[in-house]
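> how would this look folded up:
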Amino acid sequence: MEFTWRWFGPNDPIRFNEIKQTGVTGIVTALNHIPVGQVWDVNEIMKRKSTIEKEGLEWSVVESVPVHGDIKKQTGDYQQYIENFKQTIKNLGECGIRTLCYNFIPMLDWIRTDHNWKLSDGSITAKFNMKSFAAFDLFILQRAGASQSYPQKILEEAEQYYNQLDKEGIQNLTNAILLRLPGTEEKYGLEDIHSMIKSYSHIDRDSMKEHLFYFIRETIPVAEEAGVKMAIHADDPPFPLFGIPRVVSTKQDALDIIKTIDSESNGVALCTGSFGAGHFNNLVDMTKSLAHRINFTHLRNLTRDEDGNFCEVNHLGGNIDLYHVIKELLLEEHRRKQAGKNDWQIPMRPDHGQQMLYDINRTFYPGYSLIGRMKALAELRGLVLGVQNCHSIDEV
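So this is what the prediction gives:
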């Protein structure tokens, strides 16, 4: 595997001298200062690439080029935004950037209800609690028809939970759910969420899937020509929220995507945390089925249940069988290498990490502290080495 590290650009509190000590060789980053939907021009791409290469590292993966909301809804200037996206792909290829991660998540790219949950060892992690989210949806946001989105058990638990919240608790829950994206200054308020929900009111799951397939059919031929591998990221979490459908949540969703155009450029970003948050997803089975189109992977672990609750935990703990996931990834790399592919390595980054030790007193975007991710990376590298040496690669 190619070991990589997500870096949020010049304003990231983690510096290159720290990153290099973790043992990675590749950087995963994006040009977050460019407005969503606008073209990333060659000069801006090369400026970032040069900054990384001067440190002896490689810009391995773009994560992410945002897909404008108009594309997801096929409203407004969506055709122009698709053309802009295609031009960005061409420019990335011209600059030698070969892997591009993107997502098709409506509204908020990821949602947690608590970013400061303390584990038993004192480290800080993030979690999603369905009753807490429902309480926000029902009583803080007061979304019309919200009660129809939850079973009676969750409705009752949400009301009890909300009734015990004080003003600070309500604000903390709101801030957690509406947390801005990393690397940006974009912030949302309740009115923004109401407006976004209204803009998706005409979208059902079938139409959302068709909008995604249309986007794929438009962009993948361009990516092929540019020598760029696309990798779509899972919904996070992988089930509908705010009454809006999500279409990259299951094994079947991913299979439908890669079948849209049979191309190495039409791939997935296997995120064991995002797909794994759904109790219905078997990550080992998914890895086997999607291996030939896995262009990027995020490895993390969590505990989960059938109500939709999940908590990010240590990478070698939790409900996700990372040992066998990594086995399947290494087998796929072996197949690619045997087929004579130069790009046989799959970029991997340790996804999220507990805030711990000396990082407790530093400010980071949730999940992206230094020591927690370095610990996760060390564990994952050790697991990779163990799998490789347990058997010959042909028998793994």
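> Going by C-alpha atoms from here, please, whenever you check contacts or count neighbours.
Noted.
> And the residue nearest the centre of the protein?
Nearest to the mean C-alpha position of the chain, counting by Cα atoms, centre = their mean, stands His233 at 5.3 Å.
> So what does it look like in phi/psi?
Main-chain torsions, His233, degrees, to the nearest 10: phi -90, psi 150.
> residues contacting it?
Taking Cα atoms under 8 Å, 6 or more residues apart in numbering as the criterion, His233 is in contact with Cys101, Tyr102, Asn103, Phe104, Val248, Val268, Ala269, Leu270, Cys271.
> For it, name its beta-bridge partners.
When assigned by DSSP bridges, His233 has beta-bridge partners Ala269.
> Pull up the gap between it and Pro66, please.
With distances taken as Cα to Cα, to the nearest Å, His233 is found 11 Å from Pro66.
> Same check on Lys198?
21 Å.
> The two - which one has more neighbours?
Pro66 (20 against 12; other Cα atoms under 10 Å).
> so what's in contact with His233 and Pro66 at the same time?
Counting by Cα under 8 Å, 6+ apart, the shared contacts of His233 and Pro66 are Tyr102, Asn103.
> sorry, back to before: nearest to Ala126, of the contacts of His233?
Closest approach to Ala126 among the contacts of His233 (Cα to Cα): Cys271, at 16.1 Å.
> Mind checking the pLDDT average for the one helix or strand Glu225 maps to?
Using DSSP states H and E, Glu225 falls within helix 205-226. On average, the pLDDT along helix 205-226 is 98.
> Enumerate every residue touching the residue nearest to Asp137 when sequence neighbours are not counted.
Closest residue to Asp137 apart from its sequence neighbours, by Cα to Cα, 6 or more residues apart in numbering: Arg143 at 6.0 Å. For Arg143, the contact set (Cα under 8 Å, 6+ apart) comprises Asp137, His194, Phe242.
> again, but for Met356
Counting by Cα under 8 Å, 6+ apart, Met356 touches Gly122, Ser123, Ile124, Ile371, Gly372.
> gap between stretch 111-126 and the chain center?
How far stretch 111-126 lies from its chain's middle: 18 Å, per Cα atoms, centre = their mean, to the nearest Å.
> what does it rub up against?
Residues contacting stretch 111-126 (Cα under 8 Å, 6+ apart): 127-129, 132-133, 173, 176-179, 236-237, 311-313, 353-357, 360, 366-367.
> Mind checking which of those are buried?
The neighbour-count test (16 or more other Cα atoms under 10 Å) marks 127-129, 132-133, 173, 176-179, 236-237, 311-313, 353-356, 366-367 as buried among these.
> just to revisit the earlier point, does the residue nearest to Asp137 sit in a helix, a strand or a coil?
coil (DSSP: H, G, I helix; E, B strand; the rest coil).
> For it, give its distance to Ser123.
Distance, Arg143 to Ser123, by Cα to Cα: 34 Å.
> And the helices in the chain, which stretches?
With DSSP state H, the ranges of helices along the chain come out as 16-20, 42-53, 69-73, 78-94, 130-135, 152-163, 167-177, 190-199, 205-226, 251-260, 283-290, 322-338, 370-390.
> Mean neighbour count, these: which tops it?
Across the helices of the chain, averaging neighbours per residue (mean count of other Cα atoms under 10 Å) puts helix 130-135 on top, at a mean of 24.
> pLDDT at Cys390, what is it?
Listed pLDDT for Cys390 reads 83.
> should've said Leu181
70.
> you'd agree it is up against Ser64?
No. Here Leu181 lies out of contact with Ser64, judged by Cα atoms under 8 Å, at a distance of 11.3 Å.
> higher neighbour count, these two?
The neighbour count for Leu181 versus Ser64, taken as other Cα under 10 Å, is higher for Ser64 (18 against 14).
> From Thr303, how far off is that one?
Going from Ser64 to Thr303 by Cα to Cα gives 26 Å.
> now do Pro66
From Pro66 to Thr303 the distance is 29 Å (Cα to Cα).
> Ok, Ile216 next?
Distance, Ile216 to Thr303, by Cα to Cα: 33 Å.
> now Val24
Separation of Val24 from Thr303 (Cα to Cα) stands at 27 Å.
> Equivalent analysis for Lys86, please.
The value you get for Lys86 to Thr303, if Cα to Cα is used, is 38 Å.
> ok, now Ile14?
For Ile14, the distance to Thr303 equals 28 Å [Cα to Cα].
> Among the two, which residue is more densely surrounded?
Taking neighbours as other Cα under 10 Å, Ile14 and Thr303 compare with Thr303 leading, 19 against 16.
> Which pLDDT value belongs to the closest residue to that one other than its chain neighbours?
Spatially, and ignoring its direct neighbours in sequence, Thr303 is nearest to Gly318 (4.8 Å; Cα to Cα, 6+ apart). Gly318 is assigned 96 on the pLDDT scale.
> Contact partners for Gly318?
Residues near Gly318 by Cα under 8 Å, 6+ apart: Asn301, Leu302, Thr303.
> what do you get for Arg246?
Arg246 touches Ile105, Pro106, Arg205, Met208, Asp235, Pro238, Phe239, Pro240, counting by Cα under 8 Å, 6+ apart.
> Including distance to Ile34, could these go into JSON lines?
Below are the contacts of Arg246 laid out as JSON lines (distance: Cα to Cα, whole Å):
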{"residue": "Ile105", "distance to Ile34": "19"}
{"residue": "Pro106", "distance to Ile34": "20"}
{"residue": "Arg205", "distance to Ile34": "30"}
{"residue": "Met208", "distance to Ile34": "26"}
{"residue": "Asp235", "distance to Ile34": "23"}
{"residue": "Pro238", "distance to Ile34": "28"}
{"residue": "Phe239", "distance to Ile34": "29"}
{"residue": "Pro240", "distance to Ile34": "29"}
